[in-house]
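Enquirer: Below: sequence and its predicted model.
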Amino acid sequence: MSVKAVLALGSNLGERSDTLSLAVADLVDSPRVRLCAVSPVVQTKPVGGPEDQPDFLNMVIEVETDFEPHELLAHCHAVEDKHHRTREVRWGPRTLDIDIITYGDLSMDDGTLTIPHPRAHERAFVLQPWAWMDSHATLGGVPVGELAAAAGDFDGLVPFEPGH
Ligand SMILES: Nc1ncnc2c1ncn2[C@@H]1O[C@H](COP(=O)(O)OP(=O)(O)OP(=O)(O)O)[C@@H](O)[C@H]1O
Ligand SMILES: Nc1nc2c(c(=O)[nH]1)N=C(CO)CN2
């Protein structure tokens, strides 16, 4: 049985825009994942972690998949690893981060995987591109555009214009 899932991607090291494009292609380069929707890319101020790290590019995608949640997480980690993701500093700079935001209407927390993502509701860098991708999307019953506007990092977000 297939389920719709929302994935959030972020990059603040290297060729950020290329990395996001390649990562989307890698994520859907599986017969078990189908791309349904892609958000605009936004440039965002880093939230948490070291203050001197570069700005992020962020985006979200919606996929349809028959991966179980942990299989999908492993698939995301494999794509992160392909793009040389390292894990040294919590919320530190990274070439690529992929988070599972929602998986159908599943709610789970088994210590390794929490769905919906536990910080998504307070992150404009996830919520605003999501609202632009899907104007009807809700999280916890609230329109994601409303959550984005109320998020502390909303003012640090601008549409990304390649070449600027
Ligand atoms: N919904 C989720 N999506 C992705 N990873 C998750 C999720 N829930 C729990 N995790 C766990 O979080 C671990 C750390 O993930 P990661 O290194 O991407 O964190 P982070 O991006 O630095 O911080 P944050 O979790 O705040 O986005 C993963 O290995 C995974 O086991
Ligand atoms: N702007 C921005 N800040 C972050 C991001 C991110 O993707 N964008 N990811 C984090 C950990 O997942 C922590 N902080």
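Expert: Yes, it's here. This one's a predicted model, so the numbers in the text were calculated from it and none came from an experiment. Ligands and ions are numbered 1, 2, ... in the order given.
Enquirer: Which positions in the chain make contact with ligand 1?
Expert: The interface of the chain toward ligand 1, taken as CB under 6 Å from any ligand atom, is made up of 73, 87, 90-91, 97, 99-100, 112-115, 117, 119. Any C-beta I mention is one placed from the backbone N, CA and C, and that applies to glycine too.
Enquirer: can you map out the helices along the chain?
Expert: Secondary structure of the chain (DSSP state H): helices located at 16-27, 69-82, 124-133, 144-150.
Enquirer: Relative to Q53, which of the ones you listed is closest?
Expert: Distance to Q53, taken as CB to CB, is lowest for helix 16-27 among the helices of the chain, at 12.3 Å.
Enquirer: now that closest one against helix 69-82, angle please.
Expert: 140 degrees (axes from the mean of the first three to the mean of the last three CA atoms, to 10 degrees).
Enquirer: picking that back up, mind checking which of the residues of the chain next to ligand 1 are in strands?
Expert: The strands, defined by DSSP state E, take in 97, 99-100, 114-115 from the residues of the chain next to ligand 1.
Enquirer: picking up where we left off before, for the residues of the chain next to ligand 1, which one is nearest D26?
Expert: D97 (13.9 Å).
Enquirer: For this structure, which residues score under the pLDDT cut-off?
Expert: Scanning the chain for pLDDT under 70 picks out 86-89, 164.
Enquirer: residues contacting G156?
Expert: With contact set as CB atoms under 8 Å, 6 or more residues apart in numbering, G156 has these partners: 44-45, 47, 124.
Enquirer: Please verify my assumption that L7 contacts H75.
Expert: No: contact criterion CB atoms under 8 Å: L7 and H75 do not qualify, at 9.7 Å.
Enquirer: give the contact list for the closest residue to A137 other than its chain neighbours.
Expert: Nearest residue to A137, sequence neighbours excluded (CB to CB, 6 or more residues apart in numbering): V144, at 4.6 Å. The neighbours of V144, taking CB under 8 Å, 6+ apart as the test, are 127, 130-131, 134, 137-138.
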